[in-house]
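S.K.: Sharing a model prediction with you, sequence too.
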There are 2 protein chains.
Amino acid sequence: MTRVTIADVALHAQVSRSAVSKVLRDAYGVSPSMRARVLAAIDELGYRPHVAARALRGHTSTLGVLLPDLRNPFFPDLVDGVVEEIAGTGYEVVISQGGRGPASESRAIHALIDQSVGGIVLVAPLSPQSDLEAIAATVPVVVLGRHDRSPRYDAVFDDDEVGAELVVEHLAGLGHRRIAHIAHRDSSRGEPATLLQAIRARAYERAMVRLGLGEHADIAWTTYTEEGGHKGVGELLSRPEPPTAIFAGADLAAIGALAALREAGLAVPDDVSVAGYDNSWLAALAHISLTSVDQSGVTMGRTAGRLLLERIGGRTASARISITPTLVPRRTTAAVS
Amino acid sequence: MTRVTIADVALHAQVSRSAVSKVLRDAYGVSPSMRARVLAAIDELGYRPHVAARALRGHTSTLGVLLPDLRNPFFPDLVDGVVEEIAGTGYEVVISQGGRGPASESRAIHALIDQSVGGIVLVAPLSPQSDLEAIAATVPVVVLGRHDRSPRYDAVFDDDEVGAELVVEHLAGLGHRRIAHIAHRDSSRGEPATLLQAIRARAYERAMVRLGLGEHADIAWTTYTEEGGHKGVGELLSRPEPPTAIFAGADLAAIGALAALREAGLAVPDDVSVAGYDNSWLAALAHISLTSVDQSGVTMGRTAGRLLLERIGGRTASARISITPTLVPRRTTAAVS
DNA sequence: ATAGCAATGGAGAACGTTCTACATCCCGTC
DNA sequence: GACGGGATGTAGAACGTTCTCCATTGCTAT
């Protein structure tokens, strides 16, 4: 019933606790014979190191990933990437759900840190940069999905400027002029301007201007959720001149947009074209077949994992890595009729 | 840079470490004045308890949830339920991804236990009952989605018998006779017979027999994934007499089925009806509008959370709770033509 | 021989908590 | 004025590791 400890192993193998610890840590000063005896004892007793005790001494074996929400179909790709990258390092990944708003996000982050993780990957966190830097002073941090420049933590993001341009150019190329955007604005005021959602919206506006469509630029500020997309379309359709194409900042929002358009009796892509962002598996579903921007979540996850391991390994210089997205045209976008 | 410990707080508040600990634990023997001083010091120094140190003394503040996979749209409902139920108890929830096969599942479970969680919720685990009982000897366990009877852990599941019957009756009521089923069989041999996937398949067969359709019963054994659904339809369409209705054991598989049917040039529901299971948000999407069985994931999650708290609180008697599902008809099922 | 050194093993002090004993103080009672 | 007893506070031993020293060996080179 009671836990098997190093002391038990030591007793069973007729060596000291220190010796067992050395074997466990692959430390210097272990004869092959002792190593064998200890390993045998470990096996026989079914010993498992007590992670909390190790943590108390400063050792870690877990990495944390903060996800804003479990429903976004893009996030599993990121997690898969991180998991792939750290496979074989002895680290395990645990996930925590950030929830709505910076307050619950902060709770979730601290829950992770309290678990004495060796490092954390924050996916599109809402907290201000100063908060993140405070956290990064405690534990290695990689931020995913924000274009932050920080000397304290690493940032990995896709080039949302390029992504937004790809979409606008694609739609404009199909003859659309009234191209609207569904953007994400969090309930909390003071959302960081480096967050991907902010960048996508700004890049959309710039692209519109650059293509001479500045006067048609029109943004519905809702959220990157199914509901948000639905609401966004509601707003856009009530304009004097409704758009003929909609660029939703996330696949999930695009899905909501599709639903709303159908309810409004509009055909996609015949009446209105729709494009998303993330190229999640949802977009690829034959029933949806959504034109979307691929930002290779797995690659981003892998990159984040690698950077985190590097930081844990001692790197202090800050990295900032941008990944270039590509457009995946599918059946929700077509030439304007 | 260095961590603020109880000793620092004690020094600052001019009391003993024991006193601070007492305040922290709300223990007996604390004068109001001392409590105030200590709380002030805690606040001033920004003290946060070191969870690992507590864990070493046997205290826990985290509950673990094991998910087989992050992509299944039903699971977030479960997590939400657990989170809701434990809100305000001071526990935090961390999630671990089981992955494919019992080996990686076992790794994930142990990763959770190693974090010294106070208890774990296992969602549709593949491990044999004896393994789960061994785990339950270490830490409180609630198993979700298996009809296990175990004296060592609690089980929460929806009544898959009823669910399967609802679907078969619904389809039969629409005049279908050749109703096929897409089932989940894991790569690993020796999958527990109490797992929901096994029960659904058996209940489907029984329902078919009961309605006098026994000779038309036809199961494609693939997996509860989009891919599995796709493959399942491929199999079923190659039969001499293909089905006119398909009951997929999970929404995700139903989605795959829809895609495959479309590729085969068959219209849903005109040529073939399709029903899923879970009533996840995916099924509700206007673009999909999938007939599905609702098993109220949030309620199941809440129940699991409650049982776990009870077990942590000392209950040793085993609970086994069944939740009755309902059918949600949508646009993918219609009368046979 | 003997100093010197590499190789091996162990003692014991942390790490930050909890919690059981115990010490002290203050009052009221007989 | 001694005694009992509640209220309050503290000392110090765990918990299971890691890791720095130190002790012991057995060689090698002088």
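M.R.: The structure has been received and is ready for your questions. Numbers count the residues shown, from 1 in each chain, chains lettered A, B, ... in the order given.

S.K.: so A:Ser296 touches A:Ile323, yeah?
M.R.: Yes - counting by CB atoms under 8 Å, A:Ser296 touches A:Ile323, with 6.3 Å between them. For the C-beta atoms, the positions are set from N, CA and C on the backbone; glycine is no exception.

S.K.: Put the alpha carbons of stretch A:287-303 into CSV.
M.R.: The C-alpha trace of stretch A:287-303 is given here as CSV (Å, rounded to 0.1, in the frame of the first residue of the first chain):
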residue,chain,number,x,y,z
HIS,A,287,-19.2,18.5,-46.2
ILE,A,288,-17.7,21.8,-45.5
SER,A,289,-14.8,22.0,-47.9
LEU,A,290,-13.7,25.4,-46.7
THR,A,291,-11.1,27.6,-48.4
SER,A,292,-8.6,28.3,-45.7
VAL,A,293,-5.1,29.4,-44.8
ASP,A,294,-2.8,26.7,-43.8
GLN,A,295,-0.4,27.6,-41.1
SER,A,296,0.8,24.1,-40.4
GLY,A,297,-0.1,23.6,-36.8
VAL,A,298,2.1,20.6,-36.4
THR,A,299,5.2,22.5,-37.5
MET,A,300,4.4,25.3,-35.2
GLY,A,301,3.9,22.9,-32.3
ARG,A,302,7.2,21.2,-33.1
THR,A,303,9.0,24.5,-33.3
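
S.K.: Near DNA strand C, which residues of chain A are found?
M.R.: A:15-19, A:21, A:28-31, A:33-34, A:53, A:56-57 (CB under 7 Å from any atom of the strand).

S.K.: one more time with 10 Å, if that's ok
M.R.: By the rule CB under 10 Å from any atom of the strand, the part of chain A lying against DNA strand C is A:6, A:10, A:13-23, A:27-35, A:37-38, A:52-59.

S.K.: which of those are buried?
M.R.: A:6, A:10, A:13, A:15, A:19-20, A:22-23, A:30, A:34, A:37-38, A:52-56 (16 or more other CB atoms under 10 Å in any protein chain shown).

S.K.: mean confidence for the host helix or strand of A:Glu310?
M.R.: According to DSSP states H and E, A:Glu310 maps onto helix A:297-312. The average of the pLDDT scores along helix A:297-312 is 97.

S.K.: quick one, phi psi at A:Ala217?
M.R.: Here is the backbone geometry of A:Ala217 (degrees, to the nearest 10): phi -60, psi 130.

S.K.: So what are the structural domains in chain A, by residue number?
M.R.: Split into domains by automatic domain parsing, chain A comes to A:6-49, A:62-157+A:297-318, A:160-296.

S.K.: show me where pLDDT drops low in chain A?
M.R.: Counting by pLDDT under 70, chain A has low-confidence residues at A:1, A:187-190.

S.K.: interface residues of it facing DNA strand D?
M.R.: A:2-10, A:16-29, A:47-59, A:61.

S.K.: So which residues of chain A form strands?
M.R.: If DSSP state E is used as the criterion, the strands of chain A fall at A:62-67, A:92-97, A:119-123, A:141-144, A:154-158, A:179-184, A:218-222, A:245-248, A:273-275, A:292-294, A:320-323, A:326-328.

S.K.: Looking at the domains of chain A, which is nearest to B:Gly313?
M.R.: domain A:62-157+A:297-318 (21.1 Å; CB to CB).

S.K.: Pull the residues that contact stretch A:219-230.
M.R.: Taking CB atoms under 8 Å, 6 or more residues apart in numbering or on different chains as the criterion, the residues outside stretch A:219-230 that touch it are A:71-72, A:180-186, A:197, A:201, A:204-205, A:231-233, A:235-236, A:248-250, A:252-260, B:281, B:285.
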